[in-house]
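Participant: Sharing a model that was predicted from the sequence below.
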Amino acid sequence: MSQTTIKPPASILFIFGGSGDLNQRKLAPALFNLFIDNWMPEKFAVIGLGRTEYSNDKFRNHLFDGIQEFSRRKGESNDKWAGFSEHVSYLQMDASDPEAYHKMSDVVKQYEEEWGVHANVIFYLAVAPQLVPDIATKLGALKWCKDSQTVRIVVEKPFGHDLKSARELNSLLNSIFTEDQIYRIDHYLGKETVQNILALRFANALFEPIWNRNYIDHIQITAAETVGVEDRGGYYEQSGALRDMVQNHILQLLCMIAMEAPVNFDANEIRNKKTDVLNAIRPISRDQVHEYAVRGQYSHGWMKGTKVQAYRQEKSVNPKSNTETFAAAKFFIDNWRWQGVPIYVRTGKFMHQKSTIISIEFKQAPHYAFPQEAADSFRPNRLTISIQPEMDIRLRFQAKRPGQSMTLNPVDMIFSYKDAYDGHEPEAYETLLLDVMEGNPTQFMRADQVEAGWKVVMPIIEAWEARPPVDFPNYAPDSWGPEDAEALIARDGHNWVSLPIKP
Ligand SMILES: NC(=O)C1=CN([C@@H]2O[C@H](COP(=O)(O)OP(=O)(O)OC[C@H]3O[C@@H](n4cnc5c(N)ncnc54)[C@H](OP(=O)(O)O)[C@@H]3O)[C@@H](O)[C@H]2O)C=CC1
Ligand SMILES: O=C1O[C@H](COP(=O)(O)O)[C@@H](O)[C@H](O)[C@H]1O
């Protein structure tokens, strides 16, 4: 979330995993879009690193292919690529070789001499998590990496495998870099619609008085995907839906909805307020997990007319795998504002519809003076924040249907990005990469935030690992997950918001 309109200072970005999927799919398109939109520094260099052999030209072509396929601007013609690609190069190196890091020192020296400035140096670790400790340690051995003003390290998810490993990784990184130098990325925090939650809540006086247990009945967060695990079975087997989506993205959405008002936009102020929420989430004891959480795994079936295989048949997946591809949970926040308000979350692969949505369900009106026949379709107010793919905010309220009788029906007041703006919202990685170059860590995860997130999910993980599921696979592709997920919320007299949203 850039807070200035000034371009960032001269920056050298080293992308470990330059030859990998994330760079081709997300990072390079994001940097190119920043360049097109005139946000890149006047002086910058992007250096991809990897063992694969590439000439500079071949590497540039590889990135250009990714842009053609994955950029939000794909299909648009512009003449900017040649200008951008002059800043891009490739350095073949094995990250396990300590000598190779001196080549990076030479690159920095060369650019700084050429530019005549002391530049930001950003190490983006777009590599498998197992490589992170070794790379960080080797970077730490380069004396100039201690410059906390200009040197930054970006660490991709997953950040640890559990609380213990996350703590170990934090402790290692904090022994090498200052906390200000470490940017733990959660790309959901870079999404426009997620950032807008802060504007909605804290730039308007309207919502705050009703944003609490007195008016809100319950909250739902859904992050549903229509894809399966695709070719990421190897990673996903070790992860599952809870680690992949709930520990990070969903809990961060929950923080944005539930946090107290910040005093200012200082990075630590925002992060303190979010961490307070995570620390206030009521611990679920292992014995209670079956009442508070549901897991699922997809079977084979049909997805929008296409035959798809079961999770257990996916590439690099154990045919007897107990990894969950769906997770739902109920949380409570034990503080003054949210006491007694249940927060239901769910996420899954091969769901019926792609949708990330937050639904705030308000309480019933305290007295209902209308005749009974008017009340048939009476439903309480609801505020829905659609994060993606739809991008809108809707407030549902009751209206009188035109006619001679008093008949009520729910209608929506809608703010849609598509209608209000020109539809060229930056992608999350654009926003976050710009933040890194500007040195603004507000939308990145601090060490204690990551650990607090792990603390919330650990009892569920431990209970699930201790008791393997007996009914996997337990949901069909193109559905809304296992029946138990319906029961989780129905027990409290609610239903999951039905998608697509209708009043
Ligand atoms: N892909 C995505 O959409 C997303 C990925 N992520 C995260 O990003 C990270 C990278 O993922 P992804 O790009 O998909 O993975 P890939 O497997 O596509 O890429 C891994 C990269 O690591 C490099 N690498 C591996 N070993 C070495 C080594 N010894 N020395 C130098 N480079 C090495 C590989 O380069 P080479 O083989 O050339 O050595 C390759 O560029 C992971 O943590 C993942 O969880 C997060 C969100 C989304
Ligand atoms: O981090 C991840 O997120 C994606 C979903 O991201 P989105 O921006 O498309 O909502 C998910 O598919 C992936 O499994 C997970 O690792």
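Facilitator: That came through, no problem. Ligands and ions are numbered 1, 2, ... in the order given.

Participant: Look at the residue in the chain positioned nearest to ligand 1 and say how many residues are nearby.
Facilitator: Here the chain gets closest to ligand 1 at one residue, residue 20, 2.4 Å apart by CB to the nearest ligand atom. Every C-beta, even on glycine, is put in place using the N, C-alpha and C of the backbone. Close neighbours of residue 20, defined as other CB atoms under 10 Å, add up to 18.

Participant: Please determine how far it is located from residue 349.
Facilitator: 22 Å (CB to CB, to the nearest Å).

Participant: and the stretch 351-500 of the chain, which of its residues are near ligand 2?
Facilitator: For the stretch 351-500 of the chain, the residues in contact with ligand 2 (CB under 6 Å from any ligand atom) are residue 356.

Participant: Indicate the residue of the chain located nearest to ligand 2.
Facilitator: residue 244 (4.7 Å).

Participant: Where does that residue sit: helix, strand or coil?
Facilitator: Here residue 244 is recorded as helix under DSSP: H, G, I helix; E, B strand; the rest coil.

Participant: Surely it is in contact with residue 232?
Facilitator: No - taking CB atoms under 8 Å as the definition, residue 244 is not a contact partner of residue 232, at 9.3 Å.

Participant: So the two - more neighbours on which side?
Facilitator: More crowded of residue 244 and residue 232, by other CB under 10 Å: residue 244, with 23 against 17.

Participant: Spell out which residues make up each domain of this structure.
Facilitator: 11-156, 190-423+446-490 (automatic domain parsing).

Participant: For the shortest one, measure first residue to last.
Facilitator: To tie it back to what came earlier, the one meant is domain 11-156. 19 Å (CA to CA, to the nearest Å).

Participant: how distant is it from the center of its chain?
Facilitator: Domain 11-156 sits 22 Å away from the centroid of its parent chain (CA atoms, centre = their mean, to the nearest Å).

Participant: average pLDDT across it?
Facilitator: Across domain 11-156, the average pLDDT comes to 95.

Participant: same question, the last one
Facilitator: Average pLDDT, domain 190-423+446-490: 95.

Participant: Can you give me the end-to-end span of it?
Facilitator: First residue to last in domain 190-423+446-490 (CA to CA) measures 33 Å.

Participant: for that domain, the distance to its chain's centre please.
Facilitator: The answer for domain 190-423+446-490 is 13 Å, by CA atoms, centre = their mean.

Participant: Which strand or helix spans residue 54?
Facilitator: Using DSSP states H and E, residue 54 falls within no helix or strand.

Participant: Identify each buried residue in stretch 211-226, please.
Facilitator: 211, 216-226 (16 or more other CB atoms under 10 Å).

Participant: what do you get for stretch 382-397?
Facilitator: 382-388, 390-397.

Participant: Quick check: the farthest pair among the residues you listed?
Facilitator: 388 and 397 (24.6 Å; CB to CB).

Participant: isn't the residue of the chain closest to ligand 1 right up against residue 124?
Facilitator: No - the pair residue 20 and residue 124 fails to qualify as a contact (CB under 8 Å) at a distance of 10.9 Å.

Participant: Within range of ligand 1, give me the residues from the stretch 201-350 of the chain.
Facilitator: So the stretch 201-350 of the chain meets ligand 1 at residue 235 (CB under 6 Å from any ligand atom).

Participant: Near ligand 2, which residues of the stretch 201-350 of the chain are found?
Facilitator: 225, 244.

Participant: Which parts of the stretch 201-350 of the chain are helices?
Facilitator: 233-241, 251-258, 267-280, 289-292 (DSSP state H, counting those that start in this stretch).

Participant: which helix in the chain runs the most residues?
Facilitator: The residue-count maximum for a helix in the chain (DSSP state H) belongs to helix 447-466.

Participant: quick one: contacts for the residue most central in space within the chain?
Facilitator: Nearest residue to the geometric centre of the chain (CA atoms, centre = their mean): residue 188, 2.6 Å. The contact partners of residue 188, by CB atoms under 8 Å, 6 or more residues apart in numbering, come to 194, 248-249, 252-253, 387, 428.

Participant: wait, which of the helices of the stretch 201-350 of the chain is closest to residue 326?
Facilitator: It's helix 233-241; of those, that one is closest to residue 326 (CB to CB) at 5.7 Å.

Participant: List the contacts of the closest one.
Facilitator: By CB under 8 Å, 6+ apart, helix 233-241 touches 128, 158, 161, 229, 244, 295, 314-318, 321, 323-327, 347-349.

Participant: what's the neighbour count on residue 287?
Facilitator: 9.

Participant: scratch that, residue 312 is what I was asking about
Facilitator: 19.

Participant: and residue 329, what are its bridge partners?
Facilitator: With DSSP bridges applied, the residues forming beta bridges to residue 329 are residue 293, residue 345.

Participant: surely it meets residue 293?
Facilitator: Yes - with contact defined as CB under 8 Å, residue 329 reaches residue 293; the gap is 4.3 Å.

Participant: Which neighbouring elements make contact with the helix or strand where residue 90 lies?
Facilitator: According to DSSP H and E, residue 90 maps onto strand 88-92. Applying 3 or more CB pairs under 8 Å, 6 or more residues apart in numbering; DSSP states H and E, one finds that strand 88-92 contacts strand 44-50, helix 56-70, helix 100-115.

Participant: run the last query once more with 7 Å
Facilitator: Strand 88-92 sits against strand 44-50, helix 56-70, with contacts defined as 3 or more CB pairs under 7 Å, 6 or more residues apart in numbering; DSSP states H and E.

Participant: Wasn't residue 14 part of a strand?
Facilitator: Yes - residue state for residue 14 (three-state DSSP) corresponds to a strand.

Participant: Looking at strand pairing, list the partners for it.
Facilitator: Beta-bridge partners, per DSSP bridges, of residue 14: residue 47, residue 123.

Participant: Roughly how far does it sit from residue 93?
Facilitator: 10 Å.

Participant: Equivalent analysis for residue 423, please.
Facilitator: 40 Å.

Participant: quick one: which of those two has more around it?
Facilitator: Ranked by neighbour count (other CB under 10 Å), residue 423 and residue 93 place residue 93 first, with 18 against 10.
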